[in-house]
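[1] can't give you the sequence, but here's the structure:
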């Protein structure tokens, strides 16, 4: 079926089932399904769709962007970058007197100060900012969750991995991907808890996941965020 509202149209399938309420689901490819109790009038389904129109459109937009893949960044005023789960525009300032290029986050903007406003220098300055922020955030998170563990990490490193968000070796050396600074705090906390649990169980066995779930019962939601959002965690 097709329904138009506020100048936009959506395609959706409707299934009538033995249930007591109406539910709207959107799969990872943007297909919309409405499940409704048998005998539900079409007007009631349409009303629920229109009531949730903005969230549906936002979800469809996110799915479309994800399926298109990472877009090439423009290192100029107004380009958006992720930080702690939200997107913020950058503002670039040239200052030939500074000792080192740097980023300052304030007033919901990422202010980038560089000696020379070249794309590669802006990119590397942003990357260094994420490295620094990731280290600080991870260390605070480890302190927060340390009470759940008898052992402490021997070292904490921030790395540029293409395949993992974090690792823990048999000697309790922990590493974390600098891109985590782009994730919400709760997602960073999950990755920290995940790696700290490896100080107790090195493998992903049942005991490991029980421990993760005990500390963070909603950890699957955090994994899902990473799975759906990792494509845009880039500079």
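    Sure, I can see it. Quantities reported herein were computed from a predicted structural model and do not represent experimental measurements.

[2] Quick one: distance of the biggest helix by length in the chain to the chain centre.
    Criterion DSSP state H: the longest helix present in the chain is helix 119-145. Counting by Cα atoms, centre = their mean, to the nearest Å, helix 119-145 is centred 15 Å from the centre of its parent chain.

[3] Next, the angle from the next helix or strand after it to helix 119-145.
    Next in sequence after helix 119-145, counting helices and strands by DSSP states H and E, comes strand 155-159. Interaxial angle of strand 155-159 relative to helix 119-145 (axes from the mean of the first three to the mean of the last three Cα atoms, to 10 degrees): 150 degrees.

[4] Packing partners of strand 155-159?
    Judged by 3 or more Cβ pairs under 8 Å, 6 or more residues apart in numbering; DSSP states H and E, strand 155-159 is in contact with helix 119-145, strand 173-177. Heads up, the C-betas are built off the backbone N, CA and C, glycines and all.

[5] let's go with 10 Å and repeat that
    helix 119-145, strand 166-168, strand 173-177 (3 or more Cβ pairs under 10 Å, 6 or more residues apart in numbering; DSSP states H and E).

[6] Run through who's touching the second one.
    This points to strand 166-168. With contacts defined as Cβ atoms under 10 Å, 6 or more residues apart in numbering, strand 166-168 is touched by 138, 153, 157, 159, 161, 173-177, 180, 188, 190-200, 202.

[7] Check which helices and strands the longest helix of the chain is in contact with.
    With 3+ Cβ pairs under 10 Å, 6+ apart as the test, helix 119-145 has strand 80-83, strand 86-94, strand 102-106, strand 109-114, strand 155-159, strand 173-177, helix 185-197 packed against it.

[8] Reformat the ones you listed as CSV; add mean neighbour count.
    Formatted as CSV, the helices and strands packed on helix 119-145 follow (neighbours: other Cβ atoms under 10 Å):
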stretch, mean neighbour count
strand 80-83, 18
strand 86-94, 14
strand 102-106, 14
strand 109-114, 18
strand 155-159, 14
strand 173-177, 20
helix 185-197, 22
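
[9] can you list these in CSV and add distance to residue 149 and mean pLDDT?
    Output for those, formatted as CSV (distance: least, Cβ to Cβ, whole Å; pLDDT from 0 to 100):
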stretch, distance to residue 149, mean pLDDT
strand 80-83, 28, 96
strand 86-94, 30, 96
strand 102-106, 31, 96
strand 109-114, 34, 98
strand 155-159, 14, 97
strand 173-177, 12, 98
helix 185-197, 6, 98
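
[10] Save the ones you listed as CSV, and put in distance to residue 231 too.
    Output for the helices and strands packed on helix 119-145, formatted as CSV (distance: least, Cβ to Cβ, whole Å):
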stretch, distance to residue 231
strand 80-83, 11
strand 86-94, 14
strand 102-106, 23
strand 109-114, 20
strand 155-159, 20
strand 173-177, 14
helix 185-197, 15
